[in-house]
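In: let's see this in three dimensions:
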Amino acid sequence: MEYEVATIVNVSLRYGRGWVEAELPEKWHVEVLAPAGHEPVSNVQAAVVEALDRPIGLPPLSDRARGRDWALVVVSDITRPVPNALLMPALLERLESAGVPASRVVVLIATGLHRPATKAEIQELLGEETVRAGVQVVSHRAREVAEHQSLGKTTTGVPVTLDRRYLEAPLRIVVGLVEPHFMAGFSGGPKSLCPGLASAETIMGFHSPALLSHERVAPGVTEGNLFLEEIRRVAERAGEPELCVNFVLDAERRIVGVFGGRMGEVHKAAIARARETLTARLSEPADLVLTSGGGYPLDLTFYQGVKGIVAGVGAARLGGCVIVFQQNAEGAGSAEFASLLASCDDPAVWPIDCGRNRAQVIDEWEMVELAKAARRARIINVCPDAPASLRELVPIPTVNTLEEALDLLVKTSALDCRSPKVAVMPDGPYTLVQCDRKT
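Out: Model (predicted):
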């Protein structure tokens, strides 16, 4: 080991369904970026009732559901820890009382371009009570052209086609989670519809260089965020759902907000609560950042784990180092993303303007985000449970322990181990960093 741990500072980072412990020398200047937090909702069921029966700017759900033949409920896929199981029983009760039984309720999982949900994931997403009630559960399929309907083009010229089931449903309920997102600023709200229910063509258009290179397309940024503005326009064109419900969780995955009502107002209120809850202060950019992929379910794949890398780079000085802890139990992600990784020797030289002069490849936008991060910092992946195939595929060093990562950084002179400034981000992409001093 190239650095000496005489006395240590113990820190923990999310990893899979648990935590990983890390030891750092006490002489290092270590800041643990703990989000400000918010008092958890004391009575979640009462908050759910409020969202359904007294929604912002709308009549009660039961009133709006009367006379409808069937209902569509849009939920996020397994990559978002939305507490649907706490909402669905009360939601189904309201629909039943209005004459829409569970047998005429379709739950549409907004997968975007992610894989369909498995049976086990459906149980986890909705809860056994909802599954037993007899609702029909289907996953959105972005690559099935016939399952989508055109809504024209956006102001930036992107063709918009959305899942027909949403556009044709007589009663639409959209459920999501508001958390920091590295493109939309925050998830939830209109993002459930686009890219959640969009076609592959539309999703690729929304991840074009023209949008992603915009200076305001960044985590936590809502004002002037071109990506967010465009998906809001798509949601308006698709039609206001009869109800939007957005949850906000704190760093401990406790519910700190349940908001129901009109999509725009709900999203705005939830963003304010998420920003208040998840912002952490950092005195100055760090020489070394220890971050996580956010734990399960976000760190299932390296594709999603890029979000943890981007979050970590946001706390590092230019030319600093980032070590990310992520489980990646399902490997790289999509076949397209795996192929892109296999073709890359160094993400720092990947062209961030790819797609301007040629056809874009599905999931190439994640390579662009990785490339932007690699140009700002030296990145190492700590992933002891990674499949061997992933280790060979990922174009950044992937090691088993923090010690290996630190040794590599010191040996390559990327890190001066005498007295570095270190920032620790236990929750990775779920943390919004506010730096008191920029570099």
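
In: for the nearest residue to Ala98 once chain neighbours are set aside, what are its contacts?
Out: Once its chain neighbours are removed from consideration, Ala98 has its nearest residue in Ala65; the separation is 3.6 Å (Cβ to Cβ, 6 or more residues apart in numbering). (C-beta placed from N, C-alpha, C; glycine too.) Under the criterion of Cβ atoms under 8 Å, 6 or more residues apart in numbering, the contact partners of Ala65 comprise 71, 94-95, 98-100, 171, 242.

In: same question for Ala85.
Out: 125-127, 129-130.

In: so after the longest strand seen in the chain, what's the next helix or strand?
Out: Secondary structure assigned by DSSP state E gives strand 316-325 as the longest strand of the chain. Next along the chain after strand 316-325, taking DSSP states H and E as the criterion, comes helix 335-342.

In: report all helices and strands that that next one contacts.
Out: The elements that helix 335-342 packs onto, with contact taken as 3 or more Cβ pairs under 8 Å, 6 or more residues apart in numbering; DSSP states H and E, are helix 302-313, helix 364-376, helix 388-393.

In: secondary structure class for Val74?
Out: For Val74, the assignment made with DSSP: H, G, I helix; E, B strand; the rest coil gives strand.

In: wait, it sits on Cys194?
Out: No - if you go by Cβ atoms under 8 Å, Val74 and Cys194 don't touch, sitting 11.5 Å apart.

In: more neighbours: the two, which one.
Out: Neighbours were tallied for Val74 and for Cys194 using other Cβ atoms under 10 Å; the higher tally belongs to Cys194 (30 against 25).

In: count the neighbours of Met204 for me.
Out: Considering only other Cβ under 10 Å, Met204 is surrounded by 23 other residues.

In: relative to Asp363, how far out is it?
Out: Met204 is 9 Å from Asp363, where distance means Cβ to Cβ, to the nearest Å.

In: next one: Ser97
Out: Following Cβ to Cβ, the distance that separates Ser97 from Asp363 is 43 Å.

In: which of those two has more neighbours?
Out: Each of Ser97 and Asp363 has its neighbours counted (other Cβ under 10 Å); Asp363 has more, 22 against 12.

In: leaving out chain neighbours, which residue sits closest to the more buried one?
Out: If you skip the residues right next to it in sequence, Asp363 has Phe337 as its closest partner in space, 4.0 Å away by Cβ to Cβ, 6+ apart.

In: ok, that neighbour - contacts?
Out: The neighbourhood of Phe337, defined by Cβ under 8 Å, 6+ apart, consists of 302-303, 362-363, 366-367.

In: just the pLDDT for it.
Out: For Phe337, the pLDDT comes out at 93.

In: so for the lowest-mean-pLDDT helix or strand in the chain, what gets flagged as buried?
Out: Lowest on mean pLDDT, DSSP states H and E among the helices and strands of the chain sits helix 209-212, with a mean of 76. Of the residues in helix 209-212, those buried by neighbour count under the rule 16 or more other Cβ atoms under 10 Å are 209, 211-212.

In: what is the neighbour count of Ala133?
Out: Burial of Ala133, expressed as a neighbour count using other Cβ under 10 Å, amounts to 18.

In: before we move on, what about the one 3 residues further on?
Out: Using other Cβ under 10 Å, the number of residues around Gln136 comes to 13.

In: what's across from it in the sheet?
Out: Counting by DSSP bridges, Gln136 is bridged to Val106.

In: mind listing what it touches?
Out: Taking Cβ under 8 Å, 6+ apart, we find Gln136 in contact with 103, 105-107.

In: contacts for stretch 147-163, please.
Out: Stretch 147-163 is contacted from outside by 108, 140-141, 145, 164-165, 167, 193-194, 197-199, 201-202, 205-206, 208, 210-211, 226, 230, 233-234, 237-238, using Cβ under 8 Å, 6+ apart.

In: which intervals of the protein have sub-threshold pLDDT?
Out: 1-8, 354-359, 438-439 (pLDDT under 70).

In: dump the residue contacts of Val11.
Out: Contacts of Val11 were listed using Cβ under 8 Å, 6+ apart, and they are 21-24, 30, 32, 290, 424, 426.

In: quick check: which element contains it?
Out: When the helices and strands are read off by DSSP H and E, the one containing Val11 is strand 8-15.

In: past that strand, which element shows up next along the chain?
Out: Going down the chain from strand 8-15, the next helix or strand is strand 18-25, by DSSP H and E.

In: next, the angle strand 8-15 makes with that next one.
Out: Here strand 18-25 runs at an angle of 150 degrees relative to strand 8-15 (axes from the mean of the first three to the mean of the last three Cα atoms, to 10 degrees).

In: in CSV: the contacts of Gln136, plus neighbour count and distance to Ile380.
Out: Formatted as CSV, the contacts of Gln136 follow (neighbours: other Cβ atoms under 10 Å; distance: Cβ to Cβ, whole Å):
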residue, neighbour count, distance to Ile380
Ser103, 10, 52
Val105, 24, 46
Val106, 15, 44
Val107, 25, 40
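
In: before we move on, back to that, measure the residue nearest to Asp363 to Leu13 for me?
Out: Separation of Phe337 from Leu13 (Cβ to Cβ): 24 Å.

In: show me where the stretch 151-300 of the chain has strands.
Out: Here the stretch 151-300 of the chain has its strands, by DSSP state E, counting those that start in this stretch, at 159-163, 172-177, 180-181, 185-186, 243-249, 255-261, 279-282, 286-292.

In: Ala405 is nearest to which of these?
Out: The closest approach between Ala405 and any of the strands of the stretch 151-300 of the chain, judged by Cβ to Cβ, belongs to strand 286-292 at 9.1 Å.

In: quick check: domain ranges of the chain?
Out: Dividing the chain into domains by automatic domain parsing, as the record does, gives the ranges 8-32+283-435, 44-277.

In: which of the ones you listed sits closest to His38?
Out: Proximity to His38 (Cβ to Cβ) singles out domain 44-277 among those, at 4.1 Å.

In: how long is the closest one end to end?
Out: Distances were taken as Cα to Cα, to the nearest Å; on that basis the terminal residues of domain 44-277 are 17 Å apart.

In: over to stretch 144-158?
Out: From start residue to end residue, stretch 144-158 stretches across 18 Å - Cα to Cα.

In: start the count at 786 instead of 1 going forward.
Out: Sounds good: first residue 786 from here, last item stretch 929-943.
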